[in-house]
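Visitor: Sharing a model prediction with you, sequence too.
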Amino acid sequence: MYLCGINKQNIMRNYYRMTLGSDNWCAEECYNDGFIGIDYGIKGDLSNDLGNWQDFSTKYRKRYLELNPGKNVRAAGQASGVLWRVCKGINEEDVVICPDGKGKYYVGKVTSGYYYQSNANMPHRRKVKWFHVFERSSMSQNLKNSSNSALTAVNISRHAEELERLIYGNSESAINTNSLVENPSKLNKVNKGQTVKVASCTVEELFSENIHKSIFGTLEIPEYQRPYVWGEKEVSKLLFDIKQHNEKQDEKPMYYMGSIILHQHDSKLSIIDGQQRLTTLAIIQHIKGKLPKIKYASPTTIDHIKKNHEYLRQQKIIDLNFIDFANLNVTLVVTDNEDDAYTFFETSNTGGVRLSGIDIIKAHHLREISTNGSRDEQYATVWEKQKNLDVVVEQLIKARRWNVLNWNDVPSDRDLKGTKESIIADFSEKTVDKKEKAAYNQIIATENYASLKMSPYKLAIRQPLANGENFIDYIEQYAELYQRLFNSKSDAEILNQKEYYKFDKDVIKDIDGTAFLKELYEIAILCYANRFGVENLLEASYWIFRYTYSLRVSNQKTVRENSIPAFIKNSHFVFDVILSSFTHQELIASLKEFKYNFNPENLDGNTVKFRFVERVSKYFGGNIDKDDNYDNSLTIAIDKKMREVLNGQ
């Protein structure tokens, strides 16, 4: 064992500089609608051609030359290569930085595979969550040079360390020590009277439990931790980094793997941060013939362990003997107080997977019920089952903050730090410390008040929330409701709402200049289902659509992110209209009274507004006017469509 400070984290993603059209002409649309894309004049869905690079290159070099007879073979090769990179080569979770042509770079995380958007600008697309902006002037000259490449998409991962600083700030840990520390005064937010130890050891020593006379125990993963989620890409990157380090020089220091945060209790060492790296190394050690004693319980974790074990065992492309656990160094931050461990967990940036606001609120609420034995395992399983948690949590925050009585601003989707802080503030710091599980919702008493009826979704969207089970029940309800309303393919028969799902598919999901409006619409639908259930969902969806998407036709230009809260605050508190209505009929009457002015500008040619009106008109039978009579014709078309659905036509 030897002692050292904490250095910079290992970076486990690729970075690309991508231009969004010649002279960045499509940048604003890409930022507003959350995508990157490419064109080259090549029409049609490429999905079926993305299996083999050689076949793809041969086909699209030829296609490019047919479309551009003045270009040479080299240009065709570059074009097909960039087309492949954008559609296939860039992985989900990779980061793109894109210039706006005005001295700024927008930063986004790729969140989807390839999809084709017909009749649109840059139709070959990938979805992106934009989360940061930085000035070009803050870049080093080397990074500027790499970013000046003439190619549309260029890999700039060799500048990853600088990019991490530009995007996330200084990645150096705040903890640095030259000796084993007991109760160090320089560690912030440590509870008075508790012990914090900082030491360095090898992975071999950590796995053998032979660390230090005052640091001992069996390694385990607490239930409130996020599951092990590394896949083949992250595993291969770790192996590559270690091998590259070994090949650099004959006399070399140990390979430093960052810090590991542990909670020492009851002869156990709970891994608070570092399980992605340690679990991967444990799999490798098992393949090499020795199994470290680490306890796992999460089904998701166990599933990923099995997959990565099989991947490493079958690949055989890397000789695992080059990995010497006695030559891998980690810094341990060990505390005997769970709250201190949790504080370090919240602020840690040392692993290959950054902690999000979702990770932190999960840990917070599972810790609240961790004293109930099997209950914490049950609720950990409930949490892991939920889909679309990032989307659902951010929509719930907007539904709760954007209200007429107590308005609170919401950080931009591009403000990664602000979004994380708002999630922690609303769903950790402001939840109350009570054990009771309470639901607040409207109850309707009928039949001389003898029969009571309430929404099947009993936890109100804006209700006060208690730590632990109550909060996780709330998240489960809305995550499952979101899945059912917007991502389900089988509930149409159950809900007898086939037309609702058709409307969602044909009009709402066709995101073309309407990404922010889609979110506003979805939040309003969540509010409606929470208040009234889904019995009259189709009619509600039509009138909520007319209300929320009025911005698309009343605005002259693109609907920006900040247009949404401005619209709501301008006496259009649609969430409050829904949640304050007593009946479905009362709500529909209120929505019908809503008035707005149609703006005919930018309806000429293949514009975003023109395509939107065409899409709406096609769904409602081609009877929507493209002039000042737009809303009147839409209102008539909605009433007609409802009559047809009710009559089974």
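Guide: Everything's here; your move.

Visitor: Contacts only, for the spatially closest residue to residue 85 that is not a sequence neighbour.
Guide: Leaving aside its chain neighbours, residue 85 sits nearest to residue 153 (5.0 Å; criterion: Cβ to Cβ, 6 or more residues apart in numbering). Every residue, glycine included, has its C-beta placed from N, CA and C. By Cβ atoms under 8 Å, 6 or more residues apart in numbering, the contact set of residue 153 is 16, 17, 18, 19, 38, 82, 85, 86, 90.

Visitor: In strands only, show me those residues.
Guide: The strands, defined by DSSP state E, take in 16, 17, 18, 38 from the contacts of residue 153.

Visitor: what residues are up against the first one?
Guide: Residue 16 sits next to 85, 90, 94, 95, 96, 97, 153, 154, 155, 156 when contact means Cβ under 8 Å, 6+ apart.

Visitor: can you tell me how far it sits from residue 166?
Guide: Going from residue 16 to residue 166 by Cβ to Cβ, to the nearest Å gives 15 Å.

Visitor: most distant residue from the middle of the protein?
Guide: The C-alpha centroid of the chain is most remote from residue 448, which lies 48.7 Å away (Cα atoms, centre = their mean).

Visitor: can you tell me the helix or strand for it?
Guide: Using DSSP states H and E, residue 448 sits within no helix or strand.

Visitor: Same question for residue 74.
Guide: Using DSSP H and E, residue 74 maps to helix 73-84.

Visitor: In that helix, which of the residues would be classed as buried?
Guide: Of all the residues in helix 73-84, those buried under the rule 16 or more other Cβ atoms under 10 Å are 76, 78, 79, 80, 81, 82, 83, 84.

Visitor: low pLDDT regions in the stretch 351-500 of the chain?
Guide: Filtered on pLDDT under 70, the stretch 351-500 of the chain yields the residue ranges 351-355, 370-376, 489-496.

Visitor: Show me the helices in it, by range?
Guide: According to DSSP state H, counting those that start in this stretch, the stretch 351-500 of the chain carries its helices in the segments 357-368, 374-385, 389-401, 416-424, 469-482, 491-495, 498-503.

Visitor: Ok, which of those helices comes nearest residue 63?
Guide: Closest approach to residue 63 among the helices of the stretch 351-500 of the chain is made by helix 498-503 (34.3 Å; Cβ to Cβ).

Visitor: gap between residue 518 and residue 395?
Guide: Separation of residue 518 from residue 395 (Cβ to Cβ) stands at 11 Å.

Visitor: Tell me which of the contacts of residue 16 fall in strands.
Guide: Within those, residues falling in strands by DSSP E are 95, 96, 97, 153, 154, 155.

Visitor: What is the nearest of the buried residues of helix 73-84 to residue 603?
Guide: residue 83 (31.7 Å).

Visitor: got the contact list for the closest one?
Guide: Neighbours of residue 83 in contact, by Cβ under 8 Å, 6+ apart: 38, 40, 42, 46, 60, 124.

Visitor: same thing with residue 480?
Guide: For residue 480, the contact set (Cβ under 8 Å, 6+ apart) comprises residue 386.

Visitor: For stretch 274-293, buried residues please.
Guide: For stretch 274-293, burial by neighbour count (16+ other Cβ under 10 Å) applies to 274-285, 292.

Visitor: now it: how far from the chain's centre is it?
Guide: Offset of stretch 274-293 from its chain centre (Cα atoms, centre = their mean, to the nearest Å): 28 Å.

Visitor: pull the CA atoms of it into PDB?
Guide: Extracted C-alpha coordinates of stretch 274-293, given in PDB (Å, rounded to 0.1, in the frame of the first residue of the first chain):
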ATOM      1  CA  GLY A 274     -16.900   3.000  -8.000                       C
ATOM      2  CA  GLN A 275     -19.000  -0.100  -8.600                       C
ATOM      3  CA  GLN A 276     -18.900   0.200 -12.400                       C
ATOM      4  CA  ARG A 277     -15.100  -0.100 -12.400                       C
ATOM      5  CA  LEU A 278     -14.800  -2.600  -9.600                       C
ATOM      6  CA  THR A 279     -17.500  -4.900 -10.900                       C
ATOM      7  CA  THR A 280     -15.800  -5.000 -14.300                       C
ATOM      8  CA  LEU A 281     -12.500  -5.900 -12.700                       C
ATOM      9  CA  ALA A 282     -14.200  -8.500 -10.600                       C
ATOM     10  CA  ILE A 283     -15.600 -10.100 -13.800                       C
ATOM     11  CA  ILE A 284     -12.100 -10.100 -15.300                       C
ATOM     12  CA  GLN A 285     -10.600 -11.600 -12.100                       C
ATOM     13  CA  HIS A 286     -13.200 -14.400 -12.200                       C
ATOM     14  CA  ILE A 287     -12.300 -15.200 -15.800                       C
ATOM     15  CA  LYS A 288      -8.700 -15.400 -14.600                       C
ATOM     16  CA  GLY A 289      -9.600 -18.000 -12.000                       C
ATOM     17  CA  LYS A 290     -10.300 -16.100  -8.800                       C
ATOM     18  CA  LEU A 291     -13.600 -14.600  -7.600                       C
ATOM     19  CA  PRO A 292     -13.500 -11.600  -5.200                       C
ATOM     20  CA  LYS A 293     -16.100 -11.500  -2.400                       C
END
